[in-house]
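>>> quick one, structure for this:
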Amino acid sequence: MPLAFLSVLVPPLTKTMRIGAESQLMCAQNPLREGLTVWKEGLALGVILIGIGLLHGYFLREGHLWGDDFAQYLMHAKNLAEGRPYGQIGYIYNPHYPELGPPAYPPGTALLLVPIWWLWGLNWTAMKGMMILCLLIWLGVVGWYFRKEVPLPVRLCLVGLVGLNHFFLDQTNSVGSDLPFLVWLYLSLWLVQKAEPPQQAGRSVSCCPCKTGLLTQKLQEEFAPEHAPIPPRRHKSPATRVWYLGAAVASWAAFGTRSIGLVVWAAIVLADWWQFRRLRSPLLWTTGLFVLLAGLLLWLIPGTTGYLDQISFDPIRWGLHMVQYGRQLAAFWKNPLSPLLAAALAAVLTLLAAVSYFRQWRQKVSAREIFVLLYASAVLLWPSYQGFRMLNPLIPFWLFYAWLGLEELRQRWKAVPLGLRIYLARALTVGLAAGMVVCYVSVLLSRPTGPLPEGIGRPSSQALFQAVEKHTQPEDVLIFIKPRALALLTGRRCSVYPPVQTDAELWNYFTNIQAHFLVVLRRPEALQGAEKRELVQLLADFAARNEHRLQPVWTNEDFALYRIQNITSETKQPTE
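Numbers count the residues shown, from 1 in each chain. The predicted structure follows:
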C-alpha cells in the first residue's frame, strides 16, 4: 500500500513541481490567471490531502494505548451528550500529582466528540476518523498559509512531509486535543495574515522567496515595481475588521481546546505593538473580545486552571527539556536504517532554520516569529516533559525556515563548484531530499498494522475492567496509575497515587479520598511505556510491604485488584 501510494503520488507531483513556479510567474499581473491558479493549487493540495488521508486510514489500528488523556476528553463529551454537568467525571484530581492532568480539560475537543458519542457511543474508529479529519484540515490551512511566500511545489512537499510523518500517524491513532488545537492555531495566524495589507502580510522583500529563488529572480527582472504597485493601507477597512474578528474567535477556540493556546493571541498583539509601537483600533476591540470570551470560559469551567498547580522554577529541568525536545526533532526523521541519518537531517535543518529565523528578527517581525518564540519558551519552561506532541505547532515553521535558509545558501553558493558542473548548494539540496525519501519510505514499509498489541484493548486489560465492575460498587473509589481510563471504562471514581517517599504519606492520601480499592500493575510492559517505570514500581512495592492491610480480590498476568482494609470514614468525601 505505501509503495502504491507513492507511485501514484510522485508523477503528478513531479509535473506540478515543473509547472508550479511558471504559473506563479504568469499570474503575477493577471487577475484571471490568478483565479485559475488558485483553483489549480487548491486541486493539487486536495489531491495530496486525499492521499494522506487514505494512508492514515490504512494505518489505523484497533484499540487505544493506555495514555489516559483521551479518557478525560471522552468523559467530558459523554457528559455533554447526556446532559450532565461538564466537570462531573469519575476522575478525582490529585493536587500532589498535578502533572497527570487538571480537574477539567478545556471543552474544544470534547465538543468535537459529542456528536460521535451521541450517535455511536465509544466508537474508536469514528473518533480516530475525527482526528484524521482535523489533521487534513490543519494541513490544508498550512498549505494556504504559506501561499504568498512559498512556491506550490515546496508547499506540497512540506504538507507531505508533515502529514506522512510517523509521529502524526501515531497521533491519528489516538484521541486527543493536539490535532484540533492545530486547526484553530493556524487558522488564527492565517486570518491575521489576511487582515494585513500585502506589504505587511509576508516578510520583508529581502527575505522573500522572490529574491532567493531562480524563478522569482525572473519575476523581479520582468515585472519591475512600477508594474506591481503596493496597495494602499487598509487597516480600518470593514474587511480588515472582519478578518481580525475571525482571528480573535479562532484564537479563543485554540485557547478553548488547549490552554497553551493563550500564546496565539498574545503573539498577534505583541506583533502589532512591535511594528507600530501601539495597538491599532482593530486589535484593541478584538483583544477585548478575546479576553471576555476567555474569562467567560474560565468562569464556566474553573477546573481548567489546575494547570497552574504545575508551575515551578527549575532551570535544571529547563535545560533537560532542551535536550529532550532536541532528540524529538531528530526522531522526526526516525528510520530503521540509520539513526545517524536522522540526527544529521535534524541538525542541518535546525541550523538552516535558526539562521533564517534570527535573520527575520533583524529584518521584519510578524506574529509568526513572536509565536514561535513564545510557544517554544512555554514548552521548555513547562515543568513536565510532554514528548513530541508539544512540538506539533512548530514543525511546519521549522521546515519553512529551513527552506528559506536553503534558498539563501543556493544564492550564496551557486557559483561554488563541487566537481564537474555540480554545485555545493545543489548537492546539499539533493542530499537532504534523498535522506528524507529514504527515511519516509523505510518507515512506511516497516510500519505495523493490525490491532495494538498493548493498551486498553488487550484481553488482560478488558479482564481488569470486568473485574472492577464485578467486585466493586459504583460509589467505591479506586487507586490506579491510569485513573481516567479506568473511570471511563468502569464507571467508578478513580484517582492516581502521589509520587511520595513514605508509606504513611500514601496511606494519608488514601484515607483523605476514602479509597476502597487498589489496582496494582504487575507487568510494567503492559502500559507500553506510557508511564515511568519507577512510578509503576512504587505502588507495587507499597502493596508488597502492606499485605496485611490489603485483601487480594482478583488478579491476572498484568494487574492485581486489592481491597483496602481499615480506611476510616471520618474524613470528608472525595471531590471530583
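>>> where in this protein is pLDDT low?
1-36, 197-237, 305-312, 414-422, 529, 567-576 (pLDDT under 70).
>>> I figured Ile260 hits Tyr375, correct?
Yes - the pair Ile260 / Tyr375 is scored as a contact, 7.2 Å apart, by C-beta atoms under 8 Å. Heads up, the C-betas are built off the backbone N, CA and C, glycines and all.
>>> now do the same contact list for the closest residue to Gln537 other than its chain neighbours.
Closest residue in space to Gln537, ignoring its immediate chain neighbours: Pro524 at 7.3 Å, by C-beta to C-beta, 6 or more residues apart in numbering. When the contact criterion is C-beta atoms under 8 Å, 6 or more residues apart in numbering, the partners of Pro524 are 531, 533, 536-537.
>>> then Ser356?
Neighbours of Ser356 in contact, by C-beta under 8 Å, 6+ apart: 207, 401-402, 404-405, 408.
>>> the helices in the stretch 351-500 of the chain, which residues?
Ranges of helices in the stretch 351-500 of the chain, per DSSP state H, counting those that start in this stretch, are 367-381, 395-413, 424-446, 459-471, 483-490.
>>> so which bits of the longest one are buried?
When you say that, I think you mean helix 424-446. The neighbour-count check on helix 424-446 (16 or more other C-beta atoms under 10 Å) flags 424-425, 428-429, 432, 435-436, 438-440, 442-444 as buried.
>>> Ser495: which of the residues you listed is nearest?
Val443 (38.4 Å; C-beta to C-beta).
>>> right, and Ser251 touches Leu289 too?
No - taking contacts as C-beta under 8 Å, Ser251 lies outside contact range of Leu289: 10.0 Å.
>>> the more surrounded of these two?
Ser251 (32 against 16; other C-beta atoms under 10 Å).
>>> make sure that one is indeed in a helix.
Yes - per DSSP: H, G, I helix; E, B strand; the rest coil, Ser251 lies within a helix segment.
>>> gap between it and Ala544?
Separation of Ser251 from Ala544 (C-beta to C-beta, to the nearest Å): 51 Å.
>>> just Leu404 next, same as before
Leu404 is 58 Å from Ala544, by C-beta to C-beta.
>>> which of these two has more residues huddled nearby?
Legend: neighbour count by other C-beta under 10 Å for Leu404 and Ala544, higher for Leu404 (24 against 10).
>>> spatially, what comes nearest to the more buried one if we skip its sequence neighbours?
Ser356 (4.1 Å).
>>> before we move on, the earlier item: what two of the contacts of Ser356 are the furthest from one another?
Cys207 and Ala402 (14.0 Å).
>>> the more surrounded of those two?
Shown here are Cys207 and Ala402; by other C-beta under 10 Å, Ala402 has more neighbours (23 against 20).
>>> now the more buried one: how far from Ala354?
Look at Ala402 and Ala354: by C-beta to C-beta, they are 9 Å apart.
>>> endpoints of stretch 142-161, how far apart?
Taking C-alpha to C-alpha, to the nearest Å, stretch 142-161 runs 12 Å from one end to the other.
>>> and that stretch, which residues are buried?
Neighbour-count burial for stretch 142-161 flags 142-147, 149-161 (criterion: 16+ other C-beta under 10 Å).
>>> ok, stretch 102-117 next?
Residues of stretch 102-117 classed as buried: 102-114, 116-117 (neighbour count, 16+ other C-beta under 10 Å).
>>> ok, so of the residues you listed, who is nearest Gly319?
Lowest distance from Gly319 to those (C-beta to C-beta) belongs to Pro102, with 26.1 Å.
>>> tell me the secondary structure at the closest one.
coil.
>>> which of the buried residues of stretch 102-117 sits closest to Ile92?
Nearest to Ile92 out of the buried residues of stretch 102-117 is Pro103 (C-beta to C-beta; 8.8 Å).
>>> can I get the CA coordinates of stretch 346-355 in CSV?
Only the C-alpha atoms of stretch 346-355 are listed here, as CSV (Å, rounded to 0.1, in the frame of the first residue of the first chain):
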residue,chain,number,x,y,z
ALA,A,346,17.7,17.3,12.1
ALA,A,347,21.0,19.1,12.7
VAL,A,348,21.3,20.5,9.2
LEU,A,349,17.6,21.6,9.0
THR,A,350,17.8,23.1,12.5
LEU,A,351,20.9,25.1,11.6
LEU,A,352,19.3,26.4,8.4
ALA,A,353,16.1,27.2,10.2
ALA,A,354,17.8,29.0,13.1
VAL,A,355,19.9,31.2,10.7
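>>> got the contact list for it?
Contacts of stretch 346-355 (C-beta under 8 Å, 6+ apart): 326, 329-330, 332-333, 397-406, 408-409, 428, 432.
>>> and what of stretch 440-455?
Under the criterion C-beta under 8 Å, 6+ apart, residues 2-3, 6, 55, 58-59, 61-66, 161, 164-166, 169, 173, 334-337, 457-458, 461, 525-528 lie in contact with stretch 440-455.
>>> distance between that stretch and the chain's centre?
Here stretch 440-455 is found 20 Å from its chain centre; the criterion is C-alpha atoms, centre = their mean, to the nearest Å.
>>> mind checking the end-to-end distance for that stretch?
26 Å.
>>> isn't Gly87 right up against Thr304?
No - using C-beta under 8 Å, Gly87 is not in contact with Thr304; the gap is 9.2 Å.
>>> between the two, what contacts are shared?
Overlap of the contact sets of Gly87 and Thr304 (by C-beta under 8 Å, 6+ apart) consists of Ala104.
>>> Phe358 - how many residues pack around it?
Neighbour count for Phe358, taken as other C-beta under 10 Å: 11.
>>> one step back: between the contacts of Pro524, which sits nearest Gln360?
Glu531 (40.2 Å).
>>> so Leu518 sits in a strand?
Yes - under three-state DSSP, Leu518 sits within a strand.
>>> what bridges to it?
Ile479, Tyr562 (DSSP bridges).
>>> contacting residues around it?
By C-beta under 8 Å, 6+ apart, the contact list for Leu518 reads 478-480, 510, 539, 543, 550, 561-564.
>>> mind doing that once more with 6 Å?
479, 562, 564 (C-beta atoms under 6 Å, 6 or more residues apart in numbering).
>>> what ranges do the helices span in the stretch 151-300 of the chain?
152-163, 166-171, 178-195, 198-201, 209-212, 214-222, 238-255, 262-276, 281-300.
>>> Gly326 - how many residues pack around it?
14.
>>> how is it assigned, secondary-structure-wise?
Gly326 is classified as helix under three-state DSSP.
>>> one more: Trp554?
strand.
>>> change the start of the numbering to 52 and stick with it
With the count now opening at 52, the last piece we talked about shows up as Trp605.
>>> what is the burial count for it?
Counted with other C-beta under 10 Å, the neighbours of Trp605 add up to 18.
>>> got it, and the one 3 residues further on?
Burial of Glu608 is recorded as 11 neighbouring residues (other C-beta under 10 Å).
>>> show the contacting residues for it.
Glu608 neighbours (C-beta under 6 Å, 6+ apart): Ser511.
>>> did I read that right, it in a helix?
No - according to three-state DSSP, Glu608 belongs to no helix; its state is coil.
>>> so how far is Tyr142 from it?
Counting by C-beta to C-beta, the gap from Glu608 to Tyr142 is 27 Å.
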